[in-house]
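Peer 1: Dropping a prediction and its sequence here:
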Amino acid sequence: MRASRFVPPLLAALSLFAAANEAHARYEGNFNLFVGRKWLNVGDWAPVDEQPQIGLMLAFAEERAPIHFSIDAFVSKDEAANADPTVDAPVKASSAEFAIGVRKIWKFGATRPHLGAGAEVVRVRQDLDGPSGPATREDRGYGAWIDAGVSWRLAGHLNLGIEARYSKVDANLGSGFVSREVAAGGFHLGVLLGYGW
């Protein structure tokens, strides 16, 4: 009798395990770390227009589906000496991006080129010191992105590749009644390292 009490929970656990394996088998995707740089508009962001960037990129779909759904997130940050020689404090700038969209991935053995596009939101911030003291400007903008790249599936599940991306987003870093529209997006280039299934 005591042994029979464990049969239903055991069967339930085995059923869940089998269902999880079956669901895993029905889906494929990639989860990659992006490490690279983001180039913003020089006129809007100099001297912090070239920023180191890191991100996470996820794409997944049912097996043999022609298009993958994608969710990407990136952060970048830089600082440089102030152009005003009378100010010792550096100029600092950062951006954070969250993007959703679709990505087409082709399979040629271990080689996997991809193209993608979608919508995104970007939050930018700029910190600087001027004659009137420190000032912080930040805003959020909405826009679109496109990307292209190629990765290689190595050792079963390891992804190694390169990624080029362009995002078109505008934000307002003005103060008070003064409006100053800037390009919050830019050109992104970096390497990919991650896991594919």
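Peer 2: Structure received.
Peer 1: CA atoms for contacts and neighbours, from now on please.
Peer 2: Fine.
Peer 1: List the contacts of the nearest residue to residue 111 once chain neighbours are set aside.
Peer 2: Leaving aside its chain neighbours, residue 111 sits nearest to residue 152 (4.7 Å; criterion: CA to CA, 6 or more residues apart in numbering). Shown in contact with residue 152 (CA atoms under 8 Å, 6 or more residues apart in numbering): 110, 111, 112, 159, 160, 161.
Peer 1: Can you name the residues bridging to the last one?
Peer 2: I take that to be residue 161. Beta bridges link residue 161 to residue 151, residue 192, judged by DSSP bridges.
Peer 1: Can you tell me the element the residue sitting nearest the centre point of the chain falls in?
Peer 2: A centroid search over the chain (CA atoms, centre = their mean) returns residue 73, at 2.9 Å, as the residue closest to the centre. According to DSSP states H and E, residue 73 maps onto strand 68-80.
Peer 1: Name the next helix or strand following that strand along the chain.
Peer 2: Following strand 68-80 in sequence, per DSSP H and E, is strand 91-105.
Peer 1: how long is stretch 32-50 end to end?
Peer 2: Taking CA to CA, to the nearest Å, stretch 32-50 runs 22 Å from one end to the other.
Peer 1: So what touches that stretch?
Peer 2: 51-58, 76, 78-83, 91-93, 159, 163, 182-195.
Peer 1: Stretch 179-188 too?
Peer 2: With CA under 8 Å, 6+ apart, stretch 179-188 has contacts from 36-41, 44, 95, 122-124, 141, 163-174.
Peer 1: Now do the buried residues in it.
Peer 2: 182, 183, 184, 185, 186, 187, 188 (16 or more other CA atoms under 10 Å).
Peer 1: likewise stretch 28-46?
Peer 2: In stretch 28-46, counting by 16+ other CA under 10 Å, buried: 28-41, 45.
Peer 1: can you give me how far that stretch is from the chain middle?
Peer 2: 7 Å (CA atoms, centre = their mean, to the nearest Å).
Peer 1: quick one: the strands in this protein?
Peer 2: Using DSSP state E, the strands of the chain run over 27-39, 50-62, 68-80, 91-105, 111-130, 133-154, 158-172, 181-183, 187-196.
Peer 1: what pLDDT does residue 173 get?
Peer 2: In this model, residue 173 is scored at 89, pLDDT.
Peer 1: just to revisit the earlier point, let's see the ChimeraX selection covering just the buried ones among the contacts of stretch 179-188.
Peer 2: Typed into ChimeraX, the line below selects the buried ones among the contacts of stretch 179-188, using 16+ other CA under 10 Å:
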select :36,37,38,39,40,41,95,122,123,124,141,163,164,165,166,167,168,169,170,171,172,173
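Peer 1: Perfect, that will be all.
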